[in-house]
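> Pasting the sequence and the predicted model now:
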Amino acid sequence: MSLALALDLGTATTRLANGSGELIYEGPTVAAVETDSRRLVAFGDEALGLGARSGGRVQLRRPVRAGKLLDIDLAESFLAALLRRPGVSRLGGPRMLVCSHLSSTGVQRRAVGRALKRAGARTVSFVEQPVACAIGAGLEISEPVGTMVVDLGAGVCDVAVIALGGLVSSASVEVGGDNFDEAVREHLARRHGLLIDRAAAAQLRRAHATMSPGGGVGEIEVPGRDTRSGALRTATVARAALCAVIDRVAQPIFDTAARCITSAPPDLANDLISNGLILAGGGSRIEGFDRRLAQATGVPVHVPHDSELLAVLGAAQCLEEGREPALSLSSARAR
């Protein structure tokens, strides 16, 4: 018998759940490779810790962005290491159901499928990310009622209106948490002559950025390096400026969500006005993002308490129930 596993291979975080909906792995989608040999030496949290202590002997690399394999060989090594974890591959080659972004092409899905097969998977199938999120949120997508999901990840945002088990209107925009962090870094370098790394930018965004009306009051002290001299120093930065930067980068998400609603049939749009939409993904935790999205779309926005896990839990539920959502599940048969 083969173990069944659901995989959310995200730009920033990888999650793996079994068919019972138990989360058996959650960690950064990061690989540590030897600088000279390019050999994988660690992944996930272990890779982050190793990279900080390596003194340049090890490089940290991301094998995936927005569902695309940036480095096929590294992605295969990453996935093989993941499937070799104790408790993951107890019963031989697992059946895999993978969450897939709406923008992923057949070629990109086949590349992921081949990497998983070479890593040890027996079969690989895909379910669209918003469909998995809707199922994970407990929505009954097979009914003739419109439901909507906005899934905001680190590298891409998927937006979909779903009814009768299929996508009625959908779109994907390659804007996510990484883009917010990069915009913060650029703002600090341009306006304050201060250099900070990506991890510091992410921490700064999580701690101080908000999209709430009237938010972003006051100033914060940000440590970094001077862009000219390289010397360590601290800059005084207005929180409101950081919030404005993130709001500007997020505008395509709001526009895309609004277009998906206007392109849906009127009766389904009325359902959304009554029932609202689900905001999923790691970006759902940005303070005030839900209210800003509600303002842009004109519909209520709900953020489940486990919003980051909706995709992988929904895919696991598909495995448990043997469900194949109509028009939303496709196989990748890799040789």
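Received the coordinates, thanks. Residues are numbered from 1 along each chain as shown.

> where does the residue nearest to S100 when sequence neighbours are not counted fall, phi/psi-wise?
Once flanking residues are discounted, S100 sits nearest to F126: 4.2 Å by Cβ to Cβ, 6 or more residues apart in numbering. All C-beta spots, glycine's among them, are computed from the backbone N, C-alpha and C. With angles defined as degrees, to the nearest 10, F126 sits at phi -130, psi 150.

> Count the residues that sit near A199.
Applying other Cβ atoms under 10 Å, we find 11 residues neighbouring A199.

> mind checking the SS state of it?
A199 falls in the helix class when you classify it by DSSP: H, G, I helix; E, B strand; the rest coil.

> now it: how far from R185?
Distance of A199 to R185, given as Cβ to Cβ, to the nearest Å: 11 Å.

> so the residue lying closest to D306 once chain neighbours are set aside is in which element?
Nearest residue to D306, sequence neighbours excluded (Cβ to Cβ, 6+ apart): L313, at 7.1 Å. Using DSSP states H and E, L313 falls within helix 310-321.

> Which strands or helices does that helix pack on?
When contacts are defined as 3 or more Cβ pairs under 8 Å, 6 or more residues apart in numbering; DSSP states H and E, helix 310-321 packs onto strand 4-9, strand 13-18, strand 95-100, strand 123-128, helix 129-136, strand 277-280.

> coming back round to it: which strand residues bridge the residue nearest to S100?
Note on F126: beta-bridge partners V98, S330, judged by DSSP bridges.

> how close does it sit to D290?
28 Å.

> Which residue ranges of the stretch 1-150 of the chain form strands?
All strands of the stretch 1-150 of the chain, identified by DSSP state E, counting those that start in this stretch, fall at 4-9, 13-18, 23-28, 31-34, 40-43, 58-61, 64-65, 68-69, 95-100, 123-128, 147-152.

> buried residues in stretch 303-313?
304, 307-313 (16 or more other Cβ atoms under 10 Å).

> how about the residues you listed in a markdown table, adding pLDDT and distance to S77?
Converted to a markdown table, the buried residues of stretch 303-313 look like this (pLDDT from 0 to 100; distance: Cβ to Cβ, whole Å):
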| residue | pLDDT | distance to S77 |
| --- | --- | --- |
| P304 | 95 | 34 |
| S307 | 96 | 30 |
| E308 | 96 | 25 |
| L309 | 97 | 26 |
| L310 | 97 | 28 |
| A311 | 97 | 24 |
| V312 | 97 | 22 |
| L313 | 96 | 27 |
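
> what's the most distant pair in those?
Pairwise distances across these (Cβ to Cβ) peak at 13.3 Å, for the pair P304 and V312.

> which residues are common contacts for the two?
Common neighbours of P304 and V312 are not found (criterion: Cβ atoms under 8 Å, 6 or more residues apart in numbering).

> starting at the chain centroid, how far to the helix holding L313?
On the basis of Cα atoms, centre = their mean, to the nearest Å, helix 310-321 sits 16 Å off its chain's mean C-alpha point.

> Any chance you could list what contacts it?
So helix 310-321 is in contact with 4-8, 15-23, 95, 97-99, 127, 129, 131-137, 151, 278, 280-281, 304, 306, 323-325, 329, going by Cβ under 8 Å, 6+ apart.

> Give the buried subset of the residues you listed as a ChimeraX selection command.
Buried members of the contacts of helix 310-321, defined by 16+ other Cβ under 10 Å, are picked up in ChimeraX with:
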select :4,5,6,7,8,15,16,17,18,19,21,95,97,98,99,127,129,131,132,133,134,135,136,137,151,278,280,281,304,323,325,329
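
> what about the protein, any weak spots by pLDDT?
Applying pLDDT under 70 to the chain picks out residues 1-2, 51-55, 86-92, 323-335.

> domains for it, by residue range?
The chain breaks down by automatic domain parsing into domains covering 4-131+311-331, 140-175+247-305, 178-245.

> Save the helices and strands packed on helix 310-321 as a markdown table, and put in distance to R110 too.
Listed next are these as a markdown table, based on distance: least, Cβ to Cβ, whole Å:
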| stretch | distance to R110 |
| --- | --- |
| strand 4-9 | 14 |
| strand 13-18 | 20 |
| strand 95-100 | 11 |
| strand 123-128 | 9 |
| helix 129-136 | 18 |
| strand 277-280 | 26 |
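
> between these, which gets nearest to V249?
Closest among the helices and strands packed on helix 310-321, using Cβ to Cβ: strand 277-280, at 16.9 Å.
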